[in-house]
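Asks: give me a 3D structure for the following:
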Amino acid sequence: MHLTQLNRECLLHLFSFLDKDSRKSLASTCLRLRAVFEEPALWPLLHFRSLAELRKDNFLLGPALRSLSICWHSSRAQVCGTEDWRRSAFHRTICSGHESLVNDFLLQVCDRCPNLASVTLSGCGHVTDDCLACLLRCCPRLRALRLENCARVTNRTLAAVAAHGRALQTLHVDFCRNVSAAGLRRLRAACPHLALRAEHSAAMLPDQPPRVPAAALRKLLPR
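Replies: Numbering: from 1, shown residues only. Below you'll find the model as predicted:
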């Protein structure tokens, strides 16, 4: 029996064992298999190990997506997690491109994946409070949001959880240095049933403005 003679259910089951690249390669062989690749039911789970994977066309965003994870651990992730004023012009250019890529991707998720139930973002120093607030508003069934080492996440994300995370049961903000103890206390008071974890976050040093040497500061002050 030829592969294309299998019924839709069998093909979907077969595709479910393949990774994204293998699914894409198989779908390129004929229109029948391409239709299976484009079936939303095939894509309830997406996992990305680098930002480069977000540029590929080997996956499908749709209403069947229930679980999304982006876990980026590399030297570039460390650079993009540092304060902007500490970066070189070269690194700022790279990080700006990464920021646009991640936030544009998450906005597509907001638009196409209303049934999302679980999101994990690790090492994504580009993710902004505004993007996460949009995710909470557009995905009302979101039950778990796990953030780790997301440097741009602040108390504004905690406020968005309190305002829009009605279905949220689990929130992790581990190693998110710009989340404060006061913000965590307010969220616990507003959402007492939320399973909240913030390992090391409030104990880390938040982003600081660049220090101006005293001599230079005296020159800036009016006489």
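Asks: tell me who's in contact with the residue positioned nearest the centre of the chain.
Replies: Nearest to the geometric centre of the chain sits Leu121, at 4.1 Å (C-alpha atoms, centre = their mean). The neighbours of Leu121, taking C-beta atoms under 8 Å, 6 or more residues apart in numbering as the test, are 69-71, 127, 146-148, 150. No exception for glycine: its C-beta is placed from N, CA and C like everyone else's.
Asks: would you confirm that Asn176 contacts Ala198?
Replies: Careful, residue 176 is Cys; it's not Asn. Yes - applying C-beta atoms under 8 Å, one finds Cys176 in contact with Ala198, separated by 7.3 Å.
Asks: which of these two has more residues huddled nearby?
Replies: Cys176 (25 against 22; other C-beta atoms under 10 Å).
Asks: shouldn't that one be within a helix?
Replies: No - assessed with DSSP: H, G, I helix; E, B strand; the rest coil, Cys176 is coil; it does not lie in a helix.
Asks: do you know how far it is from Asp129?
Replies: Distance of Cys176 to Asp129, given as C-beta to C-beta, to the nearest Å: 11 Å.
Asks: need the overlap of contacts for those two.
Replies: In contact with both Cys176 and Asp129: Val153, using C-beta under 8 Å, 6+ apart.
Asks: give me every residue that touches Leu168.
Replies: 136, 142-145, 161, 191, 194.
Asks: go with 6 Å
Replies: Going by C-beta atoms under 6 Å, 6 or more residues apart in numbering, Leu168 touches Leu142.
Asks: quick one, strands of the chain?
Replies: 45-48, 67-71, 118-122, 144-148, 170-174, 195-197 (DSSP state E).
Asks: quick one: closest of the ones you listed to Ser28.
Replies: strand 45-48 (19.7 Å; C-beta to C-beta).
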